[in-house]
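>>> Sharing a model that was predicted from the sequence below.
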Amino acid sequence: MLTVLKGRIMTEESHTGDIEDLPTQNESFEDLQAQSTPQEITPAVAPPTRKTQPDTELFLAPKDMVTLPSLGKVYPIDSAVHGVEQVEVRHLTAADEDILTSRSLLRTGKAIDTLLANCLVDKAINPEELLSGDKNAILTYLRVSGYGPEYNVEIGCPGCGEDVKHVFDMSTLEMNPLALDPITEGDNRFDFPLPSGDLVEFKFLNSAEEKQISDAQEKIKKATNSPIDKNITTRLKHQIISVNGEADLGFISKYVDAMPVRDSRAFRKYLELHDPDVIMKQDFECPHCGTSQEVDIPITVSFFWPDAE
C-alpha cells in the first residue's frame, strides 16, 4: 500500500523502519511541514516530435454560402433544403475536373449532379431534386469562383447573323428570387387564373423534368418526322398539374393542344416573370452591324472549360 506523507511516498516497509517520521498525537501536520523541506518535482517534458504527416486543413478548399432562387419554398418538409435560403458550397478542385471529364458521367448525363453532390457541404442534399434555377445559381458560383467571371463565348448576332466572340461578365448576373408562395407549404404547387377563366395549377421544374421534356421533344420529332419543334406545348404539358381540378394527364395534354393563344401567352409570361432562376441575359453589341440588345447567354463547353474553344 502506498501512503502519501510529508511530501514523500512511503511503502509499508518504510513505515516500520521509519516510525519516527509518522506524526504523534502531539504533532500536527503543520509542525511536520515546518520541519520538512519541500522538494520541487520537475515534470518530465517529452522532446518535441517532428510532424510526419501534413496538416489536412491545408488542403481544405474555401467555402461560401450561395443563395437559392427558390428560397427553399418548393421543397417538401422532409427535404434537406426545405425552407433553406442558402447552401454552403466549396470551390472547385482538380478532383472535380476529373468529374467534368469523365466520359461515362458525361455519356449518362450525370456529370453535373455528381459535381454538385461533391461540392455541396451538406451531403443530405440531393442534387436531383433541386430546381433548375437553384442548380444554375450553384453552377454559376462554381464557375466564377473557379475560373473567374469572364466568360468568352461565340454568339450569333441577332441582327446580321455573324458569329461574334463576346465576353460576358458572370459576376454581374442577377437572380430572380421566388416571390410566390405555394398553395401548401413545402409543396411545389402554384395556381394561375387564365384570361379565359380556367384555373391551372402548375409547378416549377427540376433538372430531371427538364431532361424529360428534352427526351419527349426528341421522341416526338423522330416519331412524326416533323420539322416543327413542339417546345411550347411539350413544356406546358409537363408544367401544368391540373386544370380546374382535373389532373388526368390525357386531359391535360388535349387541353394544352387546344389552349387559346391568349391563355398560352399569358401563362407563359407569368411563368417567365416568377421562375426562380439566375437571369442568364446580358447586353450585347455587334461589332459588325452595331446591333445592341439584351441576349441569352449561351452555355457551351467553355463554361467549365474556358480554354476549350
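Done, it's in.

>>> Please, where are all the helices along the stretch 101-250 of the chain?
Under the criterion DSSP state H, counting those that start in this stretch, the stretch 101-250 of the chain contains helices at 103-108, 111-119, 132-147, 207-224, 231-239, 249-257.

>>> and of those helices, who's closest to C289?
helix 231-239 (27.7 Å; Cβ to Cβ). For glycine as for every other residue, the C-beta is placed from the backbone atoms N, C-alpha and C.

>>> Check which helices and strands the closest one sits against.
Using 3 or more Cβ pairs under 8 Å, 6 or more residues apart in numbering; DSSP states H and E as the contact test, the elements touching helix 231-239 are helix 207-224, helix 249-257, helix 261-274.

>>> related to what we said a few turns ago, rebuild the helices of the stretch 101-250 of the chain as JSON lines, extending it with mean neighbour count.
As requested, the helices of the stretch 101-250 of the chain are exported to JSON lines (neighbours: other Cβ atoms under 10 Å):
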{"stretch": "helix 103-108", "mean neighbour count": "11"}
{"stretch": "helix 111-119", "mean neighbour count": "19"}
{"stretch": "helix 132-147", "mean neighbour count": "21"}
{"stretch": "helix 207-224", "mean neighbour count": "13"}
{"stretch": "helix 231-239", "mean neighbour count": "17"}
{"stretch": "helix 249-257", "mean neighbour count": "14"}
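
>>> worst average pLDDT in the ones you listed?
Mean pLDDT is lowest for helix 207-224 out of those, coming in at a mean of 83.

>>> For that one, list the C-alpha coordinates in PDB.
What follows is helix 207-224 as a C-alpha-only set of coordinates in PDB (Å, rounded to 0.1, in the frame of the first residue of the first chain):
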ATOM      1  CA  SER A 207     -33.400  19.300 -64.000                       C
ATOM      2  CA  ALA A 208     -34.800  15.700 -64.200                       C
ATOM      3  CA  GLU A 209     -38.100  17.100 -65.500                       C
ATOM      4  CA  GLU A 210     -36.200  19.300 -67.900                       C
ATOM      5  CA  LYS A 211     -34.500  16.200 -69.300                       C
ATOM      6  CA  GLN A 212     -37.800  14.500 -69.600                       C
ATOM      7  CA  ILE A 213     -39.000  17.400 -71.800                       C
ATOM      8  CA  SER A 214     -35.900  17.200 -74.000                       C
ATOM      9  CA  ASP A 215     -36.300  13.500 -74.400                       C
ATOM     10  CA  ALA A 216     -40.000  13.900 -75.200                       C
ATOM     11  CA  GLN A 217     -39.300  16.500 -77.800                       C
ATOM     12  CA  GLU A 218     -36.700  14.300 -79.400                       C
ATOM     13  CA  LYS A 219     -39.100  11.300 -79.400                       C
ATOM     14  CA  ILE A 220     -41.900  13.300 -81.000                       C
ATOM     15  CA  LYS A 221     -39.500  14.600 -83.700                       C
ATOM     16  CA  LYS A 222     -38.400  11.100 -84.600                       C
ATOM     17  CA  ALA A 223     -41.900   9.600 -84.500                       C
ATOM     18  CA  THR A 224     -43.600  12.300 -86.600                       C
END
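
>>> What is the neighbour count of the nearest residue to S171 once chain neighbours are set aside?
If the residues on either side of it in the chain are set aside, S171 comes closest to P149, at 3.6 Å by Cβ to Cβ, 6 or more residues apart in numbering. When neighbours are defined as other Cβ atoms under 10 Å, P149 has 15 of them.

>>> that older thread, would TSV of the helices and strands packed on helix 231-239 with distance to P298 be doable?
Listed next are these as TSV, based on distance: least, Cβ to Cβ, whole Å:
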stretch	distance to P298
helix 207-224	16
helix 249-257	28
helix 261-274	18
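
>>> I appreciate the help and will end here.
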